[in-house]
Structures are given as C-alpha cells and as structure tokens.
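**Student:** okay, structure incoming, though there's no sequence with it:
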C-alpha cells in the first residue's frame with residue numbers, strides 16, 4: 001500500500017473519533033453481540049418483530065408509497081426494513097463484515113441515539129436507545145455524509161441538484177400561478193409543494209443504502225451481507241425504477257397492466273440498466289443547477305447519438321428525418337417519434353388528498369392511460385433550448401389540471417396563468433424498439449433480405465395523409481380534440497390554449513382538408 005494511502009486511512013480513523021465519538025458498533029461479551037445495543041437488536045429478527053408488535057408499529061403494505069410508483073421495489077415488512085442479516089458461518093458476524101469503513105463510525109455516530117443501554121426489557125431498551133435517533137442522517141448534510149472529510153463536495157453539490165430540489169416542477173408551479181420564480185410564490189403554495197410534491201426528494205441514503213421513502217423504504221436488499229450495505233452505484237431496479245416507475249418503469253419493463261402489447265425496451269433486452277446510459281453526475285453541478293426549469297437541462301444527459309452517431313444514413317427513414325435542425329434534407333423527427341412504443345399519460349391529478357381520491361375513483365380523478373402522440377416542438381430551432389433540433393416530438397400529458405391545487409393547503413380554485421405552458425410536454429419514452437407501429441409498415445421488412453423497404457412506402461404508418469391526400473394516421477398526432485376532453489368526455493379547462501403551439505392544426509396543416517380535429 002502506498003504511503004499516501006496509509007496516511008489517508010490513518011487520518012480518517014483519527015477524524016472519526018473526533019467527529020463521531022468512540023462508541024463501538026459491536027460491543028461484545030462472551031455470548032456475542034449485546035442484546036441492548038444497536039447492532040444486538042437490529043441483527044435479531046425475533047426481537048425486532050416482538051418490539052414492533054408490542055408497540056403496534058406495523059402497517060399493511062398497501063399503506064406504503066404512492067399508487068403506481070412501486071416499480072421494482074420489494075414490499076418489506078417493518079421488521080425486514082430494519083433487520084441487518086448476519087451469518088457467522090459465512091464470515092458475516094457483524095456489521096463491520098458488511099462495511100468495514102462505515103463500521104468505524106459507529107451506529108450512533110450517524111444515527112444518534114444511545115448504545116448500549118441498560119433496560120429491563122426489549123421495549124424499554126427500544127425507547128431508551130431511540131431517544132434522539134435520526135432515521136435518515138443523510139438528510140442533514142452537515143451531520144451526515146459530509147461529516148469530517150467524507151463526502152463534503154458531493155453533499156454540497158447535491159443540496160442544489162435537480163434530484164434534491166425538483167427545480168423543473170417548482171418553475172412550472174410558479175409559472176402556472178403567475179409568478180416568475182418559486183421563491184416569489186406565497187406561503188400556501190410553498191407549503192403545499194413541500195407536502196405534496198417534495199415527497200419525491202431523495203437523500204444520499206435513499207439512493208445508496210435504502211429504497212426511497214416514497215415507495216416504502218427499507219434496505220435495497222434483504223439478504224446476508226447486504227442489509228444496510230452502502231452501495232456506490234444504486235440498484236436501478238429498486239431505486240431508479242422505484243421512483244420513476246409510473247412512467248419510465250412501465251415503459252422499460254413493458255408493464256402489461258399499463259401498456260398492454262408493448263415489448264420491453266430493446267436496451268432492457270440487451271441487459272442495460274439505467275446507469276449504462278445515465279452517466280451524468282446525479283449529485284449535480286453546484287449552485288448553477290438552481291437556474292434549471294426542466295430536467296432536460298441537466299448537464300451530460302444521454303442522447304441517442306451518443307451511441308448511434310453513425311446511423312444517420314442507414315435507411316430511408318433516417319435519410320429523411322434524422323433530427324439535425326436542418327429542414328433542407330427533410331422534416332426533423334425526434335428518434336422517439338419512430339422508435340418509441342406507446343407510453344402512459346395522466347390526467348386530472350389533484351394535489352392534497354390525492355390518495356383517497358385515487359382510491360375512490362381511478363377514472364374521473366387520476367386517469368392513467370396508454371397513448372402515443374406526436375406534437376409540434378415549441379422549441380424547434382430556438383437557441384438555448386434543449387431538444388431544439390427536432391420539429392416533431394413525442395408528447396405526454398403531465399398530471400396537472402387547472403384546478404389541480406384546489407385542496408388545502410394550496411387553496412387555489414383555478415391557476416391564474418395555467419395556459420402559459422403546454423400540458424402535453426416533450427417526453428423521452430423508455431420503450432424503444434427498432435420495429436414499432438410506425439417503422440414496421442410491412443412484416444416482410446423483418447426479413448433482412450427484403451427489397452420492399454424504400455421511400456415510396458415507408459411513410460404509410462406515420463404520415464398524416466397518403467400520396468392522394470387521404471388522412472390515414474390521424475390518431476398518431478396531437479389534435480385539438482385530444483386536448484379539450486378527458487377520457488370521460490368532460491371538458492379539460494384551459495387545455496386548448498395551453499397546447500396551441502403543440503397541436504397539429506395550429507402548427508402544420510392549415511387547409512380545410514387538414515382539420516386539427
């Protein structure tokens with residue numbers, strides 16, 4: 001080991017005693033782990049179960065998390081959420097065998113509380129030991145992951161990251177209510193956002209140790225040697241897709257309850273995970289991130305051309321529609337316009353009391369439905385805007401309505417500036433396949449030796465009309481009628497004007513034979 005490495009390790013060991021104290025994580029006697037220590041209790045399944053039962057802490061699994069968000073996250077019981085599994089026969093006899101680095105800090109060094117404690121019984125030990133305990137130390141940067149010389153830079157950048165602040169949502173909430181920034185919004189709006197929207201915030205621990213709270217929490221894996229493990233790379237199935245399951249997870253895995261008939265994303269079939277493509281720094285770039293108004297502005301987001309940069313002349317589709325911001329060689333289409341399958345959209349979600357309304361009526365209040373729509377890109381060729389090289393893009397209705405914030409503590413009957421921003425917004429579905437309803441015009445094309453694949457017929461499944469000007473694919477494009485009514489035929493107030501720069505009729509075909517309806 002190099003001298004500098006030894007010095008660094010020695011320095012960290014000394015600092016850990018200064019910043020976190022010296023309470024041993026593994027106080028032992030001849031019988032092994034002390035029962036009334038953090039580790040003695042949290043490695044004993046029966047003791048945990050008895051305490052949880054005595055205190056009435058267990059809740060039914062369905063009470064955890066938001067409907068539709070679970071993705072690939074497991075549903076642990078409360079005991080499983082906090083049980084650290086050991087097995088001395090497998091040389092996993094204490095937490096230091098799971099994570100020797102963090103074991104030096106000690107349980108109370110991160111979580112506070114007391115350990116060991118003197119108590120008459122298990123429940124009394126629980127109450128004494130948990131006095132002042134911090135469930136998620138990483139939620140408090142200066143006392144958690146940035147303590148000593150550990151992860152200070154990452155914690156500082158994460159404090160202003162998109163993942164921790166939802167800058168895009170804040171900007172949109174402010175704009176639709178007539179304010180230029182979220183900081184200008186009144187207390188009712190900021191409090192409402194904190195209660196109803198900020199639950200999607202993540203902390204260091206909810207990516208690197210546990211499943212996010214929004215889907216119930218608990219360790220990412222419940223097996224010997226993995227409980228409470230600090231994972232350098234989060235488990236995509238139980239972290240990324242758990243949070244993003246209602247849209248991206250359904251697309252990626254082809255959830256047949258939501259997108260019946262879809263195939264899994266081709267990258268999923270090839271064994272990719274989220275982190276194969278998403279290599280941007282999730283901790284953020286620092287205070288400059290606070291100016292973001294969309295997640296698509298995050299630095300180093302993956303682009304299809306990162307891998308497919310040489311495919312622009314592969315076939316008739318690409319020759320005519322490759323998105324390069326140049327109308328001279330054809331109409332610029334986003335890659336998703338051709339290669340995405342159907343995906344989910346949402347209507348009429350109401351903040352505040354959403355859960356009871358969802359359970360009471362999943363058709364009239366929180367509508368989730370499979371769809372595919374192409375819309376005109378309002379940012380096409382606009383300098384400084386993301387995805388501006390594509391004129392026609394896939395659009396998804398976001399879960400908002402003009403009266404979305406009518407409930408307490410928002411108390412906004414109708415958003416005053418609702419029409420200032422489209423509600424059918426640019427989307428990048430994770431349901432990619434080479435052959436989709438738009439690219440597979442003829443099943444003969446599946447034969448690589450087929451000669452029927454050419455520019456004379458490739459448009460038949462995606463163009464609005466055929467060569468005789470007959471409308472053949474009206475359902476592919478977003479029209480005025482798609483924006484005016486919900487699935488029950490009820491009028492969606494404000495939607496028509498909000499989406500006037502996205503719908504087909506306003507932006508492409510103006511003649512009588514190309515009605516927007």
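**Tutor:** Noted; the coordinates are in hand. This is a predicted model, so every value here is computed, not measured.
**Student:** from residue 48, how far out is the nearest residue to residue 115 once chain neighbours are set aside?
**Tutor:** Nearest residue to residue 115, sequence neighbours excluded (CB to CB, 6 or more residues apart in numbering): residue 38, at 4.3 Å. C-betas here are computed from N, CA, C, even on glycine. For residue 38, the distance to residue 48 equals 12 Å [CB to CB, to the nearest Å].
**Student:** more crowded one of those two?
**Tutor:** Under the criterion of other CB atoms under 10 Å, the comparison of residue 38 against residue 48 puts residue 38 first, with 27 against 22.
**Student:** ok, now how distant is that one from residue 96?
**Tutor:** As judged by CB to CB, residue 38 and residue 96 stand 13 Å apart.
**Student:** next: residue 133.
**Tutor:** 21 Å.
**Student:** one more: residue 446?
**Tutor:** Counting by CB to CB, the gap from residue 446 to residue 96 is 56 Å.
**Student:** neighbour-wise, which of those two wins?
**Tutor:** Applying other CB under 10 Å to residue 446 and residue 96 shows that residue 96 carries more neighbours, namely 16 against 10.
**Student:** give me the nearest residue to the more buried one, chain neighbours excluded.
**Tutor:** Take residue 96 and drop its neighbours on the chain: the residue closest to it by CB to CB, 6+ apart is residue 103, 3.7 Å away.
**Student:** next, give phi and psi for that neighbour.
**Tutor:** Dihedral pair for residue 103: phi -60, psi -30, per degrees, to the nearest 10.
**Student:** for it, grab the count of nearby residues.
**Tutor:** 18.
**Student:** that one reaches residue 95, doesn't it?
**Tutor:** Yes: the criterion here is CB atoms under 8 Å, and residue 103 meets it with residue 95 at 5.2 Å.
**Student:** you'd agree residue 395 is in a strand?
**Tutor:** Yes: the assignment for residue 395 by DSSP: H, G, I helix; E, B strand; the rest coil puts it in a strand.
**Student:** so which residues make contact with stretch 279-291?
**Tutor:** 154, 156-158, 160-165, 167, 207, 298-302 (CB atoms under 8 Å, 6 or more residues apart in numbering).
**Student:** do me a favour and average the pLDDT over that stretch.
**Tutor:** If you average the pLDDT over stretch 279-291, you get 92.
**Student:** buried set for it?
**Tutor:** 282-285, 289-290 (16 or more other CB atoms under 10 Å).
**Student:** taking the residues you listed, tell me the two that lie furthest apart.
**Tutor:** Spatial extent of the buried residues of stretch 279-291 (CB to CB) is set by the pair 282 and 290 at 16.0 Å.
**Student:** how near is residue 443 to residue 390?
**Tutor:** Residue 443 sits 28 Å away from residue 390, going by CB to CB.
**Student:** comparing these two, which residue is more hemmed in?
**Tutor:** Between residue 443 and residue 390, counted using other CB under 10 Å, residue 390 has the larger neighbour count: 24 against 9.
**Student:** enumerate the positions of stretch 40-56 that are buried.
**Tutor:** Under the neighbour-count criterion of 16+ other CB under 10 Å, stretch 40-56 has 40-44, 47-52 buried.
**Student:** so which of those residues are in helices?
**Tutor:** The members of these that map onto helices under DSSP state H are 40-42, 47-52.
**Student:** closest to residue 492 out of the residues you listed?
**Tutor:** Once CB to CB is applied, the member of these that ends up nearest residue 492 is residue 52, at 45.4 Å.
**Student:** pretty sure that closest one is in contact with residue 79, am I right?
**Tutor:** Yes: counting by CB under 8 Å, residue 52 touches residue 79, with 5.9 Å between them.
**Student:** touching both of those two, which residues are there?
**Tutor:** Residues touching both residue 52 and residue 79 by CB under 8 Å, 6+ apart: residue 58.
**Student:** helix/strand/coil for residue 188?
**Tutor:** Following three-state DSSP, the label given to residue 188 is helix.
**Student:** need the pLDDT of it.
**Tutor:** 91.
**Student:** is it true that the residue nearest to residue 115 touches residue 105?
**Tutor:** No: Residue 38 is beyond contact range of residue 105, at 11.9 Å (criterion: CB under 8 Å).
**Student:** how about the strands of the stretch 301-450 of the chain, start to end?
**Tutor:** Using DSSP state E, counting those that start in this stretch, the strands of the stretch 301-450 of the chain run over 343-347, 367-371, 374-376, 392-397, 424-426.
**Student:** quick one: low-confidence residue ranges for the stretch 401-517 of the chain.
**Tutor:** Counting by pLDDT under 70, the stretch 401-517 of the chain has low-confidence residues at 450-455, 506-517.
**Student:** ok, the stretch 201-350 of the chain next?
**Tutor:** Checking the stretch 201-350 of the chain against pLDDT under 70 turns up 325, 327-330, 348-350.
**Student:** again, but for the stretch 1-150 of the chain
**Tutor:** 1-35, 60-73, 141-143, 147-148.
**Student:** can you give me the strands in it?
**Tutor:** For the stretch 1-150 of the chain, the strands defined by DSSP E, counting those that start in this stretch cover 28-29, 32-33.
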